[in-house]
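Novice: Sequence and predicted structure, then a few things I'm wondering about:
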Amino acid sequence: MNDKSIFKERLLALQSNLFSFAYKLTTDSEEAYDLLQDTTLKALDNESRYTDNSNFKGWLFTIMRNIFINNYRRSVRERSLVETTEDLYQLNFQQPSSSTPDGSYAVNEINEIINSFSEDYRQPFSLYVAGYKYEEIAEILDIPLGTVKSRIFTTRQKLRSILHDYR
């Protein structure tokens, strides 16, 4: 058996493990299958980069996690609010105040502030805002639960400090 067929055999043998991990990340079977397929293709495309003395399963799980995070970031960017109206009255019209930051700030301004934070703080906070639980964030980013909580707390404190004049 040559190296390519051994690589493919090992990859196929881990498909059920990879699907389980994908399902934990996405909580949707269709999205999990898509993530599994993307991971398998990426692994096959990068077969030459894999070295035999490293952890094959860990390498595949890292690929999957990175694809998931990149897809998440892409979806956040696509959902960003972009105002395209030419009616300046509509842009300046004050909405009734609400308890959300959208009532006082432009969404883009808040996103700029969050994007100015280092990735170590921005990633957990973005996942938290997207509705992920602390435990899920810790698993996705492969960092301890306490670190996730600390980084989210610190990011919230920084935002409060920066945005303290806008109430």
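Specialist: Yes, it's here.
Novice: Moving along the chain from the worst-scoring helix or strand of the chain on mean pLDDT, name the first helix or strand you hit.
Specialist: Least confident helix or strand of the chain, by mean pLDDT, DSSP states H and E, is helix 88-92 with a mean of 47. Once the chain leaves helix 88-92, the next helix or strand it forms, by DSSP states H and E, is helix 107-116.
Novice: May I see the buried residues of that following helix?
Specialist: Neighbour-count burial for helix 107-116 flags Ile110, Asn111, Ile114 (criterion: 16 or more other C-beta atoms under 10 Å). For the C-beta atoms, the positions are set from N, CA and C on the backbone; glycine is no exception.
Novice: Quick check: nearest residue in space to the last one, chain neighbours excluded?
Specialist: Closest residue to Ile114 apart from its sequence neighbours, by C-beta to C-beta, 6 or more residues apart in numbering: Arg122 at 6.1 Å.
Novice: chain center to the host helix or strand of the one you found: distance?
Specialist: Element membership for Arg122 (DSSP H and E) is helix 119-129. Going by C-alpha atoms, centre = their mean, to the nearest Å, the spacing between the C-alpha centre of helix 119-129 and its chain's C-alpha centre is 8 Å.
Novice: Many thanks, have a good one.
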